[in-house]
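Student: The following block contains a protein sequence and its predicted model.
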Amino acid sequence: MYRNKNKEFESKNNFFTLLKSVKISKSMRNRILIVLTLSALLIVSFTIFRDKKSDKNQVVLEAITHSLNSAHYQPQKLDDVFSEKVYNLYLERIDYFKRFFTQPDIDEFETYKKNLDEQISHLSFDFYSLVNKKFDTYLSRSQRYFTEILSQPFNFELEENYESDPEKRTWSKDTFELKENWRKLLKYETLIRLATEIELQEDAKQKNDTSVKQKDQITLEVEARNKTLKNYQDWYKRMLKLDGDDRFSLFVNSITNVYDPHTEFLPPADKENFDITMTGKLEGIGATLQENNGYIKVVKIVPGSASWKQGELQVNDLILKVAQAKDEPVDIVDMRLDEAVKLIRGKKGTEVKLTVKKPDGTIKVISIIRDIVILEETFAKSAILKSEKNKKNFGYILLPKFYADFEDRNGRNCAEDVEKEIRKLSAENIDGIVLDVRSNGGGSLQEVVKLAGFFIKNGPIVQAKTRLGEASVLRDEDSNIQYSGPLVILVNSVSASASEILAAAMQDYKRAVIIGTNTYGKGTVQRFIDLDDYYGKEYTGMKPLGSIKITIQKFYRINGGATQLKGVAPDIIIPDEYDYMGIGEKEDKFALPWTTIPQVRYDVAQSKNDFGIAIKKAKERIASNSTFKLFQERTDYLKSQKDKTKITLNLKKYRDSEKDRKEIVKKYEKIDKLENKLLISALRDEIVTTKTDTILARRIKEWHKEIQKDFELEEAVNVLNDLK
């Protein structure tokens with residue numbers, strides 16, 4: 001059987017050549033080639049793995065490396081250069097803060113620096129095992145360090161500094177220096193707590209606030225040290241909960257991320273969480289949980305969920321045990337959060353019994369029938385905006401993600417939802433639309449092509465290029481225009497992938513004015529490959545193995561330029577809170593390069609918009625706007641502080657520097673209190689629904705509060721008002 005599959009693969013290889021002589025469109029041919037490449041990959045993989053006797057990690061690693069070299073857009077040559085990249089990336093990730101290893105350890109690891117390519121090819125884990133064995137030993141050593149160091153008072157009168165940026169520190173030359181670095185770290189964190197408490201006491205004393213008990217500095221130092229100790233004890237517990245799968249994922253993704261930052265291995269639980277973000281729904285009880293001092297704590301109840309309807313589970317409850325219907329309960333105290341969530345989640349209609357401890361100390365067993373949990377914050381929504389200057393109505397659509405449900409034909413997808421919002425807004429006789437994709441990290445390529453087509457008659461939206469060398473064009477084939485009026489698209493430096501496709505296409509067609517900051521610069525397309533598909537029944541005991549998200553294409557604007565690395569430059573730039581953080585594809589050293597391809601024909605004439613006057617007016621407004629000036633000042637200040645990473649450990653000097661810093665920051669605090677001059681209202685059908693739907697009423701009210709503080713949105717409305 002496997003031999004026959006090899007022959008089938010060979011015939012498919014010959015078919016690649018045959019395709020070129022068949023009279024079909026280039027785009028269709030390329031789509032067929034992609035499918036055949038991935039199909040052939042699976043066939044080869046089944047052949048290779050048939051009789052292997054390997055442990056699970058070897059099986060996963062072989063499947064991943066084979067996938068990378070067979071399907072990745074830009075396969076890597078496994079050589080010494082590749083090996084060194086993986087080596088450096090893995091050590092950086094496993095000990096970024098340089099808390100565990102010393103230079104002698106690094107010297108020992110160096111022997112593997114240029115032969116990891118051979119180890120990967122031979123499925124050997126010598127380097128990985130050595131690093132993790134030492135890591136486990138040094139984790140215990142770190143507990144001894146912080147326990148011992150924090151048992152004694154710190155002298156905050158000494159003149160010494162702490163380098164807070166790990167990238168500026170070298171590896172400790174020996175264990176004495178390592179322990180000294182631990183001492184400075186712990187002193188630094190205690191210093192922050194101590195300085196904060198002293199300031200609180202001084203403020204209370206000045207205000208005659210007797211509710212704050214006055215304590216001497218010695219007592220405050222002890223309390224600050226104890227809080228630091230408690231923090232590190234919790235950290236140590238979390239570190240102990242990291243299992244072999246966590247470590248293995250870290251190692252494997254140090255391999256995949258050398259190919260590019262978006263190619264990664266996802267263990268089964270991570271893939272499940274990714275699917276939830278894409279579909280906006282999950283099956284469970286509808287409670288947001290977090291780990292807190294060894295307990296699983298309820299921090300939010302999703303409105304309309306099974307927990308919300310049942311009514312007994314409340315925020316701040318501690319979940320002690322979980323039982324499936326009539327099964328014996330499982331104690332989840334000190335359990336990892338992800339493991340506890342696996343027990344709590346489950347299929348719609350099944351029963352879960354939670355033993356919870358209420359804030360008043362009472363213990364209660366709560367029975368909940370699981371249901372579909374809809375995460376409404378994932379989905380598109382809209383509002384009506386008016387400026388104080390005129391009586392025009394403008395529509396506002398917020399799109400958090402280009403979501404789609406590939407498993408459920410009745411599931412929600414963003415193009416359909418946005419189309420519904422456009423129809424509702426059009427019924428309100430709007431004079432323009434703001435489409436907000438700020439912080440939208442992308443999603444479905446098919447959905448963005450559909451959505452972009454709502455605003456043009458028809459034509460190309462984006463080009464996609466495979467490793468086979470030819471570019472295909474994804475087009476809007478529908479001649480219907482869902483909305484032809486003035487359009488503004490809001491972006492920021494976290495708008496990525498599909499968001500950039502939309503912004504770029506609308507900019508190239510001169511169909512919309514793009515406002516914000518330069519976008520992220522992710523110009524690649526990924527596909528999931530389920531590693532379970534590689535293996536037959538004889539590997540059932542190892543499954544599920546997880547998935548690999550692999551970059552298979554780069555996409556390009558219809559004008560031939562790439563969004564990769566460079567992103568989309570807006571027509572109107574507004575200061576952004578992320579500006580100083582250095583966010584973007586260009587920040588990753590393994591990002592794929594920026595390239596260009598020939599442009600495709602597209603008809604700008606279908607757009608009669610002349611944006612020049614509106615853009616000019618907007619730039620003049622922004623330049624003279626005191627709020628935007630304040631935004632820019634804050635961004636510039638934060639940028640200036642970014643490289644000041646050497647911190648004094650002298651209490652007096654630290655407090656003096658903090659006093660100066662707070663004086664500067666104080667004038668920026670009012671930004672968070674400012675409100676724009678927009679008049680915000682819900683759509684007519686929502687107003688009717690909120691009379692009986694209290695959940696929707698609350699959601700809308702909270703969202704409108706957020707809109708009221710959005711000055712970029714106010715400027716977008718001003719631009720719409722200027723567009724003809």
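Tutor: Structure received. Nothing here was measured: the structure is a model prediction, and the numbers come from that model.

Student: For the stretch 51-200 of the chain, give me the ranges with low pLDDT.
Tutor: 51-54 (pLDDT under 70).

Student: the strands in it, which residues?
Tutor: Under the criterion DSSP state E, counting those that start in this stretch, the stretch 51-200 of the chain contains strands at 161-163.

Student: Which residue ranges of it form helices?
Tutor: Counting by DSSP state H, counting those that start in this stretch, the stretch 51-200 of the chain has helices at residues 56-71, 80-94, 103-109, 116-121, 126-149, 175-206.

Student: Most tightly packed of these?
Tutor: Stretch with highest mean neighbour count among these: helix 56-71 (a mean of 20; mean count of other CB atoms under 10 Å). Where you see a C-beta, it was placed from the backbone N, CA and C, and this is true even at glycine.

Student: by how many degrees do it and helix 126-149 diverge?
Tutor: Orientation check (axes from the mean of the first three to the mean of the last three CA atoms, to 10 degrees): helix 56-71 against helix 126-149 gives 120 degrees.

Student: Which strands and helices lie in contact with helix 56-71?
Tutor: helix 26-49, helix 116-121, helix 244-259, strand 524-530, strand 547-556 (3 or more CB pairs under 8 Å, 6 or more residues apart in numbering; DSSP states H and E).

Student: hmm, try it at 7 Å
Tutor: Under the contact definition 3 or more CB pairs under 7 Å, 6 or more residues apart in numbering; DSSP states H and E, helix 56-71 sits against helix 26-49, helix 244-259, strand 547-556.

Student: just flag whichever of these has the lowest average confidence.
Tutor: Mean pLDDT is lowest for helix 26-49 out of the helices and strands packed on helix 56-71, coming in at a mean of 42.

Student: distance of residue 193 from residue 186?
Tutor: 11 Å (CB to CB, to the nearest Å).

Student: so what's in contact with these two at the same time?
Tutor: Common neighbours of residue 193 and residue 186, counting by CB atoms under 7 Å, 6 or more residues apart in numbering, are residue 228.

Student: where do the strands sit along the stretch 501-650 of the chain?
Tutor: Ranges of strands within the stretch 501-650 of the chain are 513-516, 524-530, 547-556, 572-573, 646-648, based on DSSP E, counting those that start in this stretch.

Student: that older thread, tell me which of the helices of the stretch 51-200 of the chain sits nearest to residue 591.
Tutor: Taking CB to CB, helix 80-94 is the member of those nearest to residue 591, at 13.0 Å.

Student: Show me what that closest one packs onto, helices and strands only.
Tutor: Contacts defined by 3+ CB pairs under 7 Å, 6+ apart place helix 80-94 against helix 116-121, helix 244-259.

Student: can I get the ones you listed in TSV with distance to residue 359?
Tutor: Formatted as TSV, the helices and strands packed on helix 80-94 follow (distance: least, CB to CB, whole Å):
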stretch	distance to residue 359
helix 116-121	51
helix 244-259	32
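
Student: care to break the protein down by domain?
Tutor: Listed domain ranges for the chain are 82-246, 281-374 (source: automatic domain parsing).

Student: could the ones you listed go into TSV alongside distance to residue 399?
Tutor: Output for the domains of the chain, formatted as TSV (distance: least, CB to CB, whole Å):
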stretch	distance to residue 399
domain 82-246	33
domain 281-374	17
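
Student: Any idea which of those domains gets closest to residue 688?
Tutor: Smallest distance to residue 688 across those (CB to CB): 18.2 Å, for domain 281-374.

Student: average model confidence for that closest one?
Tutor: 87.

Student: for that domain, the distance to its chain's centre please.
Tutor: A distance of 25 Å separates the centroid of the chain from that of domain 281-374, by CA atoms, centre = their mean, to the nearest Å.

Student: And the contacts of stretch 447-465?
Tutor: Against stretch 447-465 from outside (CB under 7 Å, 6+ apart): 402, 404, 413-415, 418-419, 422, 471-479, 481-483, 487, 498, 501-502, 505-506, 509, 511, 525, 553-556, 558, 597, 600, 602-603, 606.

Student: quick one: buried residues of it?
Tutor: For stretch 447-465, the neighbour count (16 or more other CB atoms under 10 Å) marks 447-456, 458-465 as buried.

Student: Dump the C-alpha coordinates for it into PDB.
Tutor: Taking Å, rounded to 0.1, in the frame of the first residue of the first chain, the C-alpha atoms of stretch 447-465 are listed here in PDB:
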ATOM      1  CA  GLU A 447     -13.300  36.700   4.400                       C
ATOM      2  CA  VAL A 448     -11.300  39.800   3.800                       C
ATOM      3  CA  VAL A 449     -11.600  39.300   0.000                       C
ATOM      4  CA  LYS A 450     -15.400  39.100   0.300                       C
ATOM      5  CA  LEU A 451     -15.500  42.100   2.700                       C
ATOM      6  CA  ALA A 452     -13.300  44.300   0.500                       C
ATOM      7  CA  GLY A 453     -15.600  43.600  -2.400                       C
ATOM      8  CA  PHE A 454     -18.500  45.300  -0.600                       C
ATOM      9  CA  PHE A 455     -17.000  48.700  -1.400                       C
ATOM     10  CA  ILE A 456     -16.000  48.300  -5.100                       C
ATOM     11  CA  LYS A 457     -17.900  47.100  -8.200                       C
ATOM     12  CA  ASN A 458     -15.500  44.200  -8.900                       C
ATOM     13  CA  GLY A 459     -11.800  43.500  -9.500                       C
ATOM     14  CA  PRO A 460      -8.600  42.200  -7.800                       C
ATOM     15  CA  ILE A 461      -8.200  42.500  -4.100                       C
ATOM     16  CA  VAL A 462      -4.900  40.900  -3.300                       C
ATOM     17  CA  GLN A 463      -2.200  38.800  -5.000                       C
ATOM     18  CA  ALA A 464      -0.900  35.500  -3.400                       C
ATOM     19  CA  LYS A 465       2.400  34.000  -4.300                       C
END
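
Student: rewinding a little: with respect to residue 565, which of the domains of the chain lies nearest?
Tutor: domain 82-246 (18.4 Å).

Student: re the thing from before, pull out the buried residues from the contacts of stretch 447-465.
Tutor: 402, 404, 413-415, 418-419, 422, 471-476, 483, 487, 498, 501-502, 505-506, 509, 511, 525, 553-556, 558, 600, 602.

Student: pLDDT value on the residue most central in space within the chain, please?
Tutor: Geometric centre of the chain, nearest residue: residue 441, 7.4 Å, by CA atoms, centre = their mean. Residue 441 carries a pLDDT score of 93 in this model.

Student: picking up where we left off before, quick check: which of the domains of the chain is nearest to residue 624?
Tutor: Among the domains of the chain, domain 82-246 comes nearest to residue 624, with 37.4 Å by CB to CB.

Student: Would you work out how far apart the start and end of the closest one are?
Tutor: 23 Å (CA to CA, to the nearest Å).

Student: for it, the distance to its chain's centre please.
Tutor: Offset of domain 82-246 from its chain centre (CA atoms, centre = their mean): 25 Å.

Student: rewinding a little: thought residue 498 was touching the residue nearest to the centre of the chain, still the case?
Tutor: No. Look at residue 441 against residue 498 with CB atoms under 7 Å: they stay out of range, at 8.5 Å.
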